[in-house]
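Chemist: Test case, fold it:
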Amino acid sequence: MEKYREIEKSIIKKFRKDIWSKFVRAVKEYELISPNDKIAVCISGGKDSFLLAKCLEELKRHGQFDFGLEFIIMNPGYQEEHLNQIQENLKLLNISAHIFSSDIFDVASLHGGDNPCYLCARMRRGFLYNKARELGCNKIALGHHFNDVIETILMNIVYTGQFASMPPKLHSTNFDGMELIRPLYLVHEEDIIAWAKSNHLQFIDCACSVTKKKSGKRREIKQLIEYLKAVYRDADLNLFKCSMNVNTNTLLGYKKNGKKISFLENYGNRENTVEKNHSDVV
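Modeler: Predicted coordinates for the structure are as follows:
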């Protein structure tokens with residue numbers, strides 16, 4: 001059996017519970033894929049996006065309805081060694097991808113300030129949408145997983161003073177008719193790492209030439225979450241759950257469609273502000 005076939009088999013056999021089942025659950029629960037969709041799978045070169053590519057291939061092969069796939073790779077300014085490793089993994093995993101270049105790393109380095117990752121992500125998204133549309137796709141798929149979601153929640157709380165999460169899908173604001181989906185939404189990073197190690201796969205980590213010079217905020221948040229889990233083992237799960245269990249009766253305010261709404265606007269409605277007989281906090 002060829003190596004890529006063994007890797008594909010491991011996803012639906014050895015890692016069925018931790019990866020495949022959670023991947024399929026997210027696709028179904030969040031209605032990420034519809035018949036006749038054409039999806040551009042965005043491969044960054046890391047373990048997450050390569051796993052996503054193989055999962056979507058398997059779903060297309062064995063799923064309940066047909067949809068199209070294209071695989072795209074944007075080179076934002078990788079060093080030659082990183083680009084070579086990406087190409088080697090494409091060959092190993094039997095993936096045919098469209099590779100195109102941009103100058104994102106240079107721009108983020110010059111204009112990204114203390115948070116170049118934010119600027120890089122926004123620019124990257126635009127380039128990916130453009131390439132996807134060029135290939136006739138109506139959706140792009142990114143490799144964000146469970147840990148990315150909870151890290152985003154905590155980063156927003158700590159660094160920006162707002163509660164904001166990372167939804168499993170969203171409509172593009174700048175590209176009409178385009179959507180972004182995150183099929184690995186429920187898959188834990190530790191299980192992706194285990195899959196890669198089990199198959200003796202090596203992927204690029206962060207190949208960014210900018211953040212190597214700076215302390216990444218996401219790295220700090222990862223360490224904070226590990227500390228919280230040491231205090232309470234289900235801290236990561238509760239961080240995830242909190243984005244679907246928001247008690248709006250206890251909020252000082254919130255934003256909806258860009259508009260700020262204060263709790264005072266609804267305070268006159270006794271039904272929304274009456275004190276409950278149970279405690280709101282632990």
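
Chemist: in what helix or strand does Thr173 lie?
Modeler: Assigned by DSSP states H and E, Thr173 belongs to no helix or strand.

Chemist: Tell me how far it lies from Ile39.
Modeler: Going from Thr173 to Ile39 by C-beta to C-beta, to the nearest Å gives 19 Å. Using the backbone N, CA and C atoms, a C-beta is placed for each residue, glycine as well.

Chemist: ok, these two, which is more surrounded?
Modeler: Counted by other C-beta atoms under 10 Å, Thr173 and Ile39 do not tie: Ile39 has more neighbours, with 23 against 7.

Chemist: Then the more buried one would be within a strand, right?
Modeler: Yes - judged by DSSP: H, G, I helix; E, B strand; the rest coil, Ile39 forms part of a strand.

Chemist: OK, contacts around the nearest residue to it once chain neighbours are set aside?
Modeler: Once flanking residues are discounted, Ile39 sits nearest to Lys139: 4.7 Å by C-beta to C-beta, 6 or more residues apart in numbering. With contact set as C-beta atoms under 8 Å, 6 or more residues apart in numbering, Lys139 has these partners: 33, 37-40, 132, 178-181.

Chemist: and the gap between the residue most central in space within the chain and Asp236?
Modeler: Geometric centre of the chain, nearest residue: His144, 1.8 Å, by C-alpha atoms, centre = their mean. Noted for His144: a distance of 15 Å to Asp236, by C-beta to C-beta.

Chemist: wait, doesn't Leu224 sit right on Ile153?
Modeler: No - using C-beta atoms under 8 Å, Leu224 is not in contact with Ile153; the gap is 11.7 Å.

Chemist: Looking at the two now, which is surrounded by more residues?
Modeler: Neighbours were counted for Leu224 and for Ile153 using other C-beta under 10 Å; Ile153 has more, 20 against 15.

Chemist: So for that one, what's the pLDDT?
Modeler: Predicted confidence (pLDDT) for Ile153: 96.

Chemist: just the one 3 residues further on next, same as before
Modeler: If you check Asn156, the pLDDT there is 94.

Chemist: In three-state terms, label Val24 for me.
Modeler: Three-state call for Val24 (three-state DSSP): helix.

Chemist: Flag the shaky bits of this structure, pLDDT-wise.
Modeler: Applying pLDDT under 70 to the chain flags residues 103, 105-120, 122, 206-215, 270-282.

Chemist: how about 50 then?
Modeler: Within the chain, the stretches with pLDDT under 50 are 111-112, 213, 277-282.

Chemist: longest single strand anywhere in it?
Modeler: strand 68-75 (DSSP state E).
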